[in-house]
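1. Can you look at this prediction? I've put the sequence above it.
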Amino acid sequence: MIASITLRRSIRKYKHSPVPRDLVEQVLEAGLLAPSSKNRQPWHFIVTTGRAKNEAVAAMKKGLLRERKTPFLPQSAPYIEDAFHTAEIMKEAPVLIFVMNELGCCLDHTLNRDERVSEICNAQSIGAAVENMCLAADSLGLGSLWICNTYFAYPELCQVLKSRGELVCALTLGYAAEAPLKRPRKAFADAVEFRE
């Protein structure tokens, strides 16, 4: 697994080869094995392929077009073009997994302190599940991309997904059609502080 941590890359170009269901299930099992705060396991995964994936991608594109006119995330407007590129990646990937927080509040809900702490804990738990899935995909010879640009089309995607909980992100899966170089990381000395 250490090799997967070192060699894993975010994949944005995919081959047209379908991914066998047993490999998708192994990736999902890795997500289910993630640690979670108070063992709440707040995640729910919606796996889309074929027609269901096409409907989700269409909802994403519809939301992005709406976002240009009436922004759901007005302060994030500089990133909208990147989100259009992400929609094309979602379209190309054979498998698109939507990650839901079953215990999450809708984005418009004002949180009290306890709810806010629960949201932070659940976000960490879901992050661990998604990272497990990315590493499992790599170890199985698959590429993946962790997508947060779904928030630009949050209302449209939620309408299509019709699922309980809050949409957190999406994850693409497929056979990589590219081999990206390692991206820069913070130096160890800049990111780590030891105290005694």
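-> On my side now, so go ahead.

2. contacting residues around stretch 9-17?
-> With contacts defined as CB atoms under 8 Å, 6 or more residues apart in numbering, stretch 9-17 is touched by 89, 92-94, 143-146, 172, 174-180, 182. Every C-beta, even on glycine, is put in place using the N, C-alpha and C of the backbone.

3. Any of those buried? List them.
-> Neighbour counting by 16 or more other CB atoms under 10 Å classes Ile89, Glu92, Ala93, Pro94, Gly143, Ser144, Leu145, Thr172, Gly174, Tyr175, Ala176 among the contacts of stretch 9-17 as buried.

4. any chance of these in TSV, plus secondary structure, pLDDT and distance to Asp114?
-> Putting the buried ones among the contacts of stretch 9-17 into TSV (DSSP: H, G, I helix; E, B strand; the rest coil; pLDDT from 0 to 100; distance: CB to CB, whole Å) gives the following:
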residue	secondary structure	pLDDT	distance to Asp114
Ile89	helix	98	37
Glu92	helix	98	42
Ala93	coil	98	38
Pro94	coil	98	41
Gly143	strand	98	39
Ser144	strand	98	34
Leu145	strand	98	34
Thr172	strand	98	35
Gly174	strand	98	40
Tyr175	coil	98	44
Ala176	strand	98	42
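
5. So for stretch 116-135, what gets flagged as buried?
-> 118-119, 121-123, 125-126, 128-135.

6. what do you get for stretch 71-87?
-> Those would be Ile80, Ala83, Phe84, Thr86, Ala87, for stretch 71-87 by 16+ other CB under 10 Å.

7. which residues touch Tyr175?
-> Per CB under 8 Å, 6+ apart, neighbours of Tyr175: Tyr14, Lys15, Ser17, Val19, Pro94, Gly141, Leu142, Gly143.

8. do that again at 10 Å, thanks
-> 11, 14-19, 23, 93-94, 141-143 (CB atoms under 10 Å, 6 or more residues apart in numbering).
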